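Enquirer: next come a sequence and a model predicted from it.
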Amino acid sequence: MLEVVERWYNKIPPIHRDLPLIFYKGKYWTPKEILNEVRKGTRLGEELQRMIEARKFTDAKTLKEIAKKRLLEIIKGLPESYGVASFSGKVYTKEDLIKLVEEEKDFGKTLIERELEIVKEELYA
């Protein structure tokens, strides 16, 4: 039912609706793309709708990749002068953050773990 997908979609924060959330058939899908496919009534839309209704999405490894991809999109979209200060006093530049996330090291690993929690919250909203 379209209503189930619309309810799921509406629980996702608007700022996250254009970020990848589901990996299906070799492609990362955003909530907005999923809703559009379901509304169009395509076969793909029906398949994505069934996934959402059944709450069966993917394995832990793929969820982590989705979280990592989302983080990289967010970080790459930040202004060049962007930086993050840690409690230890270290300041990470945008490029530092990208490298740490890509390598899944130190603070980058922590960011991925937090984004993974957000991905799960949004998938199972």
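Expert: Done, it's in.
Enquirer: mind listing residues that contact stretch 99-109?
Expert: For stretch 99-109, the external contacting residues (Cβ atoms under 8 Å, 6 or more residues apart in numbering) are 68, 71-72, 75, 84, 86, 92, 97, 111-112. In this view, the C-beta of every residue, glycine as well, is placed from N, C-alpha and C.
Enquirer: buried only: go through these for me.
Expert: Among the contacts of stretch 99-109, the ones that count as buried by 16 or more other Cβ atoms under 10 Å are 68, 71-72, 75, 92, 97, 111-112.
Enquirer: list just the nearest of those to His16.
Expert: Proximity of the buried ones among the contacts of stretch 99-109 to His16 (Cβ to Cβ) peaks at Leu71, which lies at 12.0 Å.
Enquirer: tell me which helix or strand the closest one sits in.
Expert: helix 60-76 (DSSP states H and E).
Enquirer: hmm, back to that, looking at the contacts of stretch 99-109, spot the one nearest Arg17.
Expert: Of all those, Leu71 has the smallest distance to Arg17: 16.4 Å, by Cβ to Cβ.
Enquirer: tabulate the buried ones among the contacts of stretch 99-109 (CSV), appending distance to Arg7.
Expert: Formatted as CSV, the buried ones among the contacts of stretch 99-109 follow (distance: Cβ to Cβ, whole Å):
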residue, distance to Arg7
Lys68, 28
Leu71, 27
Leu72, 29
Ile75, 30
Tyr92, 38
Leu97, 34
Leu111, 29
Ile112, 28
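Enquirer: what number of residues lie near the nearest residue to Leu48 once chain neighbours are set aside?
Expert: If the residues on either side of it in the chain are set aside, Leu48 comes closest to Ile34, at 5.0 Å by Cβ to Cβ, 6 or more residues apart in numbering. When neighbours are defined as other Cβ atoms under 10 Å, Ile34 has 23 of them.
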